[in-house]
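Participant: Model the structure of this input:
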Amino acid sequence: MTSGVIKKDLKKNFQEVNPGLNDREALEEAYRCLYCYDAPCIKACPTGIEIPTFIKRIATGNLKGAAQTIMSANPVGASCARVCPTEELCEGACVLNHSTKPIMIGNLQRYATDWAMKNEQALFQAGKKNGKKVAVVGGGPAGLSAARELALFGYEVTIFEAESEAGGLNTYGIVSFRLPKVISYWEVQQVKSLNVNIQTNTKVGKDITKDELMKQFDAVVLAVGMGKVPSLNIEGEQLKGVYDAIEFVKDTKTKELTNELVGKKVVVIGAGNTAIDAATCSIRLGAENVKILYRRTKEEMTAYDFEYEFAKQDGVEFRWLTQPKRIIGDKNGQVTAIECIRMKLSEKDTDGRRKPVPVEGSEFTLPVDAVIKAIGQMRHLSLIEHFNLEHKNGVVQVNSKTYETSIPNVFACGDVIFGKGKGEAMVVTAAQQGKEAAYALHQKLFERVKSKN
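Facilitator: A predicted model of the protein is given here:
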C-alpha cells in the first residue's frame, strides 16, 4: 500500500461517525414531540434551551428560527448537539421515555444548526455600544459564551487566546470523528460577527500582563480552561512513544495523519472522556490492539456511558484495577513495554470514590508501541498566580452567584473554577457559566453606572 493511499484511508477514518438526520427523518422526529407546556427537557438542559420551541420551528420549516432559539441559549449549541451526554440530560428527561423512546433532541439540534452553518446564516446582531470594554482570557466554550453575551449587551469585547485558533476544547481537544473543526470554527465566527476582537497567539502573563488588562479594560473574564496532562511520576516517562492525550488528540486535528504515530499496540492510562478519545483515535490510526488501563473499576470511571460503549464497539479493551509502575524502552529510547500492578479498592477517597491500593506481588508486563497519558489535566497555576487570585490547588474561587473572583472586576468561569467530579466539566456547563458570568458582570457595571447618576 502506498503512503498516499494510507493517508487517504486515515482521513476517511477521521470523518464524522454520525451522519445526522436527513430532511425526512428530521421532520418525522419533530412531529413526534409533544411540545410539553412545562417541558422537563428544558429543565434538564444546563443552558435552558427552549427545546419544544426549536423543535416546533423545525416541524414548521423555520430552520433559521430553530437555530436562533438554540444558539441564543447556547452559543456553542452546534458543538453540544454532537458532544453533550443527551441521554443523561434533555433526552433522559423526555416524557416519552415512559411510553416509547425519547425525542432525538441532540440530532434535531444538530439538524437546525447544521442548516444555519451550511447556509451561512448570521443569527445575531451586536447591541448598541455602551462605552464599556471587557477582556476575555481564553476562547473556549466558556470564553466564547461570555463574549457573545457581552457583545449583545453592547460591550467592546476582546478575547485573548493563546492558541492559533479560538474554540478551545471544541477546536483542539475533541476528536474529529465526533466534532469536526469546521463546527467550532462556525461558532467562533458567530461570535466574531458581533464585532468581538479575537487576538490569537496571545498569552496573558507573557504577551500582555494582568496590569495592562486592568488598565485597558473595565473588567476581565478568566475562562482559560485547563492545560496539559500531569506527569505519571514513574520511570520511563521520557521515552519516545509516550504521549500527552490532549496533545495527541490535538495533533490528529491539526497535523497530517500518519499510521506511524502509535504503532500496533497502544496503552492508554486513564478512563475519562479524553482517554476514550485517545483510544479510539489510536484505532483509527491503525493500532491493532488498544488497551485502557484504569486503577479503579468501571463504576468509578469518569467517562460518559455512551463514550464507553463507543470505545467497546471500536474494539478497545478495558483493564480495570490496573496501574502502571514503569515504562520500559529499548537502547534507542523507544517504548517497548509497560510494567503494571493489580489494584484493589479500599475505603472511600476524598473525592467519594473508593481508594485503589496495590496487590503485593501482582506485577505483570504488557508489550506496547505507545503509551498515552490521560489522567486529567493540570491547572494554569502560573496565570492564576499572575492575577494573584484566591484558589484551591488551581481551582479559582469565585462568588457562587456572581462568578467574581477575589479581585474586583475579575470574573471566572468554565474549567478554571471546576473541581473534581463526574459530569461537572461539560462543554454545555461551561457555556452556561460563560453566560452567567457575563450577566453578573453586566449587572455590576450597570449598577455602578446607575449609582453614579
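Participant: what helices or strands is the longest helix along the chain leaning on?
Facilitator: Across the chain, the helix with the greatest residue count (assigned by DSSP state H) is helix 427-452. In terms of contacts (3 or more Cβ pairs under 8 Å, 6 or more residues apart in numbering; DSSP states H and E), helix 427-452 is packed against helix 77-83, helix 141-152, strand 219-222, strand 410-412. C-beta: built from backbone N, CA, C; applies to glycine.
Participant: of those, which approaches residue 245 most closely?
Facilitator: Of all the helices and strands packed on helix 427-452, it is helix 77-83 that lies closest to residue 245, at 16.3 Å by Cβ to Cβ.
Participant: and the closest one, what does it pack onto?
Facilitator: Short answer (3+ Cβ pairs under 8 Å, 6+ apart): helix 77-83 packs on helix 63-73, helix 105-118, helix 181-192, helix 427-452.
Participant: Just the C-alpha atoms of it, please, in CSV.
Facilitator: Below are the C-alpha coordinates for helix 77-83, written out as CSV (Å, rounded to 0.1, in the frame of the first residue of the first chain):
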residue,chain,number,x,y,z
GLY,A,77,-25.0,24.7,20.6
ALA,A,78,-23.8,23.2,17.3
SER,A,79,-20.9,21.5,19.2
CYS,A,80,-23.1,20.5,22.1
ALA,A,81,-25.5,18.8,19.6
ARG,A,82,-22.7,16.4,19.0
VAL,A,83,-20.8,16.0,22.3
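Participant: what's that helix in contact with?
Facilitator: 18, 47, 49, 70-71, 74, 106-107, 109-110, 113-114, 116-117, 141, 170, 174, 178-179, 183-184, 186-187, 427-428, 431 (Cβ atoms under 8 Å, 6 or more residues apart in numbering).
Participant: any weak-confidence spans in this protein?
Facilitator: Where the chain drops to pLDDT under 70, the residues are 1-8, 419-425, 447-453.
Participant: one step back: got the buried residues for the longest helix of the chain?
Facilitator: 427-442, 444-445 (16 or more other Cβ atoms under 10 Å).
Participant: all helices of the stretch 201-350 of the chain, in order?
Facilitator: 210-216, 245-254, 273-284, 305-314 (DSSP state H, counting those that start in this stretch).
Participant: what angle sits between the longest one and helix 305-314?
Facilitator: If I follow you right, that is helix 273-284. For helix 273-284 against helix 305-314, the angle by axes from the mean of the first three to the mean of the last three Cα atoms, to 10 degrees is 20 degrees.
Participant: which helices and strands does the strand ranked longest in the chain pack with?
Facilitator: Scanning the chain for the longest strand, with DSSP state E as the assignment, gives strand 335-348. Where contact means 3+ Cβ pairs under 8 Å, 6+ apart, strand 335-348 is packed against strand 322-329, strand 354-358, strand 364-367, strand 370-373.
Participant: Pull out the buried residues from the third one.
Facilitator: Buried residues in strand 364-367, counted by 16+ other Cβ under 10 Å: residue 366.
Participant: let's have the chain start at 26 instead
Facilitator: Let's use 26 as the start, then, which means that last one is strand 389-392.
Participant: and it, how far out from the chain's middle?
Facilitator: 32 Å (Cα atoms, centre = their mean, to the nearest Å).
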